[in-house]
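Student: Build the 3D model from these lines:
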Amino acid sequence: MTAEVAMAALRETHRPHRLAKDVAGDLWEFISFPWIEDDKVVILIRVPGDPTTMFPADALQMDPDGRECLCAEAGHDYYMTAEYYAERQRRLGACPARLTLNN
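Tutor: Here you go, the predicted structure:
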């Protein structure tokens, strides 16, 4: 498969404001369209509904869930609890798709 064909296929499934799961089963939100950098297909992801956690990830290790994001949920109280933030930090550090880019 050529890079162009791969990107066309990813554009149909890896779209902003869609939920996805990484290979470890954690839920994330796509926040960009994918792009190719070096030998990776990269997409920006974040904890659903949290605009402060965006980071690049390997799109091929992310499985689109087919559901809309949780942006409408961002005002709910559970986003303000210490338990939520502790769990979020654990998930951020453990995401197997997380990439460090050479920009």
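Student: so the nearest residue to residue 40 once chain neighbours are set aside bridges to which residues?
Tutor: Counting by Cβ to Cβ, 6 or more residues apart in numbering, residue 40 lies nearest to residue 58, which is 5.7 Å off, once chain neighbours are set aside. For the C-beta atoms, the positions are set from N, CA and C on the backbone; glycine is no exception. For residue 58, the beta-bridge partners under DSSP bridges are residue 42.
Student: What is the burial count for residue 58?
Tutor: Residue 58 has 19 neighbours, counted by other Cβ atoms under 10 Å.
Student: Test my guess that it contacts residue 97.
Tutor: Yes - if you go by Cβ atoms under 8 Å, residue 58 and residue 97 touch, sitting 4.6 Å apart.
Student: show me where this structure has strands.
Tutor: 18-22, 27-30, 35-37, 40-46, 55-58, 62-68 (DSSP state E).
Student: what's the closest of those to residue 85?
Tutor: Distance to residue 85, taken as Cβ to Cβ, is lowest for strand 40-46 among the strands of the chain, at 14.1 Å.
Student: Who are the packing partners of that closest one?
Tutor: Here strand 40-46 touches helix 3-13, strand 27-30, strand 35-37, strand 55-58, going by 3 or more Cβ pairs under 8 Å, 6 or more residues apart in numbering; DSSP states H and E.
Student: Most tightly packed of the ones you listed?
Tutor: Between the helices and strands packed on strand 40-46, strand 27-30 has the highest mean count of neighbours, a mean of 22, where neighbours are mean count of other Cβ atoms under 10 Å.
Student: Over that strand, what's the mean pLDDT, rounded is fine.
Tutor: In this model, strand 27-30 carries a mean pLDDT of 89.
Student: Could you point out the longest helix of the protein?
Tutor: Secondary structure of the chain read by DSSP state H shows that its longest helix is helix 82-94.
Student: Can you show me the CA trace of it as CSV?
Tutor: Output in CSV follows, covering the C-alpha atoms of helix 82-94 (Å, rounded to 0.1, in the frame of the first residue of the first chain):
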residue,chain,number,x,y,z
ALA,A,82,-8.8,14.5,42.1
GLU,A,83,-9.5,10.9,41.1
TYR,A,84,-10.1,11.9,37.5
TYR,A,85,-6.8,13.8,37.3
ALA,A,86,-4.8,11.0,38.9
GLU,A,87,-6.3,8.5,36.5
ARG,A,88,-5.7,10.8,33.5
GLN,A,89,-2.0,11.2,34.4
ARG,A,90,-1.6,7.4,34.7
ARG,A,91,-3.2,6.9,31.3
LEU,A,92,-1.1,9.6,29.6
GLY,A,93,2.1,8.0,30.8
ALA,A,94,1.0,4.5,29.8
